[in-house]
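Enquirer: I would like to see how this sequence folds:
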Amino acid sequence: MVQRRKFLLGAVGAAGLAACTRSPSRSSSVWEQPTAAPIRLTAPTGRISPAGPAVLTVDGGRIESVTGLAGTVDADGTTWRSAGSLAYDKKYKVTARLLDSLGATVEKTAAFTTVKPRALAGVTFQANGLAALETGGTYGVGQPVIVAFSKAVKDRAAAEKAITVETSPPVDGKFFWVDNTIVHWRPAKYWAKGTTVKVSVNTVGVNLGNGLYGKANATTHFTIGRSLIAVSDNKTHRTRVYIDGKLARDMACSNGQGGYTKIANGEQIHFWTQSGPHVVLSKERTHSMSSASYGLSDPHNPFYYEPEDVQFCTRISYSGEFLHAAPWNTQLGQANTSHGCINLSTADAQWVYKNFLIGDVVEVVHSPKPLPTWDGLGDWTVPYTKYGT
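Expert: A predicted model of the protein is given here:
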């Protein structure tokens, strides 16, 4: 009997254990694999500026690398930016190696296209209309910044925005358009001696109007030398040169005799040394001068003169005003008898030729004929309040 009782107890215990044990549910997802979040690569749309950068962004993952075009990936891995300028009117195709949210590698391609210009404009830097600006050169205190475009610019505001002038010490300045291709920039007053000037023109990708874009970016720099300002007085017949504010040379001169005549084409010309601040444009050891050079070829005209090689010539206007040696002129310091130039003794003209820089200033005073803005660098004849308007 004892054995049977043990058996029954054992049977009951086993049944109880079985009743308390659950079977796995058929709807359980214990073995389901995780899935990555959707990954999307976004590229620029439409035609983009070649100034760059072209930007790719990714959602749902990270950018590991991009091939097909140089560039860099941001630290967070969600953005890639192209490096440097792109070409105009070109379709770029790149392949991005991406990591999804689970770390798996995914490759996606993207494409974008740059703008197609109607035309391209190049840029050069000028000292004036007769000479290019020498990068690293030294110029006088009257030298404006001059940027020349190879084609006419319609959107001047866009062009000005693309030009940066950095100076040390810093000064403010204004733009002045001579015509649709040439723009000047100058400060309110003559430069301070020793000023350094850096000019950057970043027109790549800039619409200069009617689909005209910049061909290439350009930079230059120059330095302002000592301050040299000459004052030529029509009344006293003296030309005084001031270097850094101190009188350095006092020279007897003979300026333009004045008067008018007509040349063969019917145009009226004058013989004044024009009043106002001139800027030195060039220097020539010898220059051939004649009345025919400005259209006066009639030998019976009282203003006519034969060609002559003139020594130590420093040009201050496009129309032909020079400081030069005039050993034939017996009226130096006494009367104005020239055809418009500032006549000097040979020794004085040689000193000017040796010591003046392009960009130095020659202010002519007490002449009834003002210097037009276009005749040389007449920037300083315009009050700063009206400059650029």
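
Enquirer: wait, what's in contact with the residue nearest to V141 when sequence neighbours are not counted?
Expert: Among residues not flanking V141 along the chain, Y190 sits closest, at 4.1 Å (CB to CB, 6 or more residues apart in numbering). C-beta: built from backbone N, CA, C; applies to glycine. Under the criterion of CB atoms under 8 Å, 6 or more residues apart in numbering, the neighbours of Y190 are V141, G142, S227, I229, V361, W380.

Enquirer: which SSE is Y190 in?
Expert: Of the helices and strands defined by DSSP states H and E, none includes Y190.

Enquirer: show me the helices in the stretch 201-350 of the chain, by range?
Expert: 346-355 (DSSP state H, counting those that start in this stretch).

Enquirer: got it, and the stretch 1-150 of the chain?
Expert: 2-19.

Enquirer: do a quick rundown of the strands in it.
Expert: Listed in chain order, the strands of the stretch 1-150 of the chain (DSSP state E, counting those that start in this stretch) span 40-42, 47-48, 55-59, 61-67, 71-73, 79-82, 91-100, 105-114, 119-121, 123-128, 131-132, 138-139, 145-149.

Enquirer: who wins for most neighbours among the contacts of Y190?
Expert: Tallying neighbours with other CB atoms under 10 Å puts G142 at the head of the contacts of Y190, with 26 neighbours.

Enquirer: highest mean neighbour count out of the strands of the stretch 1-150 of the chain?
Expert: The highest mean neighbour count among the strands of the stretch 1-150 of the chain, using mean count of other CB atoms under 10 Å, belongs to strand 145-149: a mean of 22.

Enquirer: partner strands of that one, parallel or antiparallel?
Expert: In the sheet, strand 145-149 lines up against strand 123-128 (antiparallel), strand 182-187 (antiparallel) (DSSP bridges).

Enquirer: tell me the centre residue of the protein?
Expert: V201 (2.9 Å; CA atoms, centre = their mean).

Enquirer: touching, that one and I163? I think so.
Expert: Yes. With contact defined as CB atoms under 8 Å, V201 and I163 form a contacting pair (5.3 Å).

Enquirer: picking that back up, for H300, which of the strands of the stretch 1-150 of the chain is the nearest?
Expert: strand 123-128 (35.6 Å; CB to CB).

Enquirer: residue contacts, Y353?
Expert: K283, R285, F312, C313, T314.

Enquirer: quick check: domain ranges of this protein?
Expert: 40-114, 119-224, 228-381 (automatic domain parsing).

Enquirer: now the ones you listed in JSON lines, with mean pLDDT and distance to P34?
Expert: Below are the domains of the chain laid out as JSON lines (pLDDT from 0 to 100; distance: least, CB to CB, whole Å):
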{"stretch": "domain 40-114", "mean pLDDT": "95", "distance to P34": "7"}
{"stretch": "domain 119-224", "mean pLDDT": "98", "distance to P34": "45"}
{"stretch": "domain 228-381", "mean pLDDT": "95", "distance to P34": "72"}
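
Enquirer: for the ones you listed, which one sits closest to Y387?
Expert: So among the domains of the chain, domain 119-224 is nearest, using CB to CB, at 5.0 Å.

Enquirer: how long is that closest one from one end to the other?
Expert: Start-to-end span of domain 119-224 (CA to CA, to the nearest Å) is 36 Å.

Enquirer: quick one: contacts of stretch 293-304?
Expert: With CB under 8 Å, 6+ apart, stretch 293-304 has contacts from G259, T261, I263, A264, N265, E267, I269, F271, S291, S319, G320, H339.

Enquirer: and of those, the nearest to A70?
Expert: S319 (52.4 Å).

Enquirer: now do the contacts for the residue nearest to V94 when sequence neighbours are not counted.
Expert: Spatial nearest neighbour of V94, chain neighbours left out: G68 (3.8 Å); criterion: CB to CB, 6+ apart. By CB under 8 Å, 6+ apart, the residues touching G68 are Y92, K93, V94, T95.

Enquirer: report the two of these separated the most.
Expert: Longest span within the contacts of G68, CB to CB: Y92 and T95, 11.3 Å.

Enquirer: got a list of what I182 touches?
Expert: Counted by CB under 8 Å, 6+ apart, I182 has contacts Q126, I146, V147, A148, F149.

Enquirer: related to what we said a few turns ago, mutual contacts of V201 and I163, please.
Expert: Common neighbours of V201 and I163 (criterion: CB under 8 Å, 6+ apart): V147.
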